[in-house]
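1. give me the fold of what follows.
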Amino acid sequence: MAKDLFYLASYKNVDKLFEKIEAAKAPEAFTNAYLTDTIGLKSTTDRPLINMLKKMGFIDAAGRPTDKYALLKNKNVAKAAIADALRRVYEPLFEANEKANELGIEELKGLIAQITGAEQRIVNLIAYTF
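-> The predicted structure is shown next:
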């Protein structure tokens with residue numbers, strides 16, 4: 001049975017997103033307007049970053065920051081909070097290989113294909129998002 005794993009069609013601004021979150025005031029709700037006006041990510045391809053933050057548990061279904069969002073504001077713990085969230089989001093990968101994050105890209109793609117049964121294009125997007 002195939003498992004769905006999260007992926008972004010464009011992941012080039014993920015680092016910038018987390019950098020900007022650290023510097024900006026926490027919003028009442030993380031909306032498209034906040035993403036474009038405050039964070040400065042204006043492309044429509046950046047909008048799925050909001051869904052990524054939801055999947056990672058940093059904002060709730062309504063876009064309100066969770067307690068975990070506050071960890072992104074602290075440079076000393078932000079990377080650990082992101083790593084913990086990624087382990088939760090990609091739990092099937094870590095169940096199959098506890099060192100999934102240490103795999104080379106081709107090994108990772110093979111593991112993703114094995115777990116998801118997805119077509120190569122989707123496997124590539126999942127791998128590069130991961």
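2. for residue 40, see how far away the residue positioned nearest the centre of the chain is.
-> Per Cα atoms, centre = their mean, the C-alpha nearest to the average position across the chain is that of residue 52, at 4.5 Å. Distance of residue 52 to residue 40, given as Cβ to Cβ, to the nearest Å: 17 Å. C-betas here are computed from N, CA, C, even on glycine.
3. what helix or strand is the residue nearest to the centre of the chain located in?
-> According to DSSP states H and E, residue 52 maps onto helix 48-55.
4. can I get that helix in PDB, CA atoms only?
-> Only the C-alpha atoms of helix 48-55 are listed here, as PDB (Å, rounded to 0.1, in the frame of the first residue of the first chain):
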ATOM      1  CA  PRO A  48       2.500  25.700  -0.500                       C
ATOM      2  CA  LEU A  49       5.000  26.700   2.200                       C
ATOM      3  CA  ILE A  50       2.100  27.600   4.400                       C
ATOM      4  CA  ASN A  51       0.800  24.000   4.100                       C
ATOM      5  CA  MET A  52       4.300  22.800   4.900                       C
ATOM      6  CA  LEU A  53       4.200  24.800   8.100                       C
ATOM      7  CA  LYS A  54       0.900  23.200   8.900                       C
ATOM      8  CA  LYS A  55       2.100  19.700   8.200                       C
END
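5. run through who's touching the very next helix or strand once past that helix.
-> Going down the chain from helix 48-55, the next helix or strand is helix 67-71, by DSSP H and E. Residues from elsewhere that reach helix 67-71 (Cβ atoms under 8 Å, 6 or more residues apart in numbering): 21, 26, 53, 56-59, 77-78, 80-81, 85.
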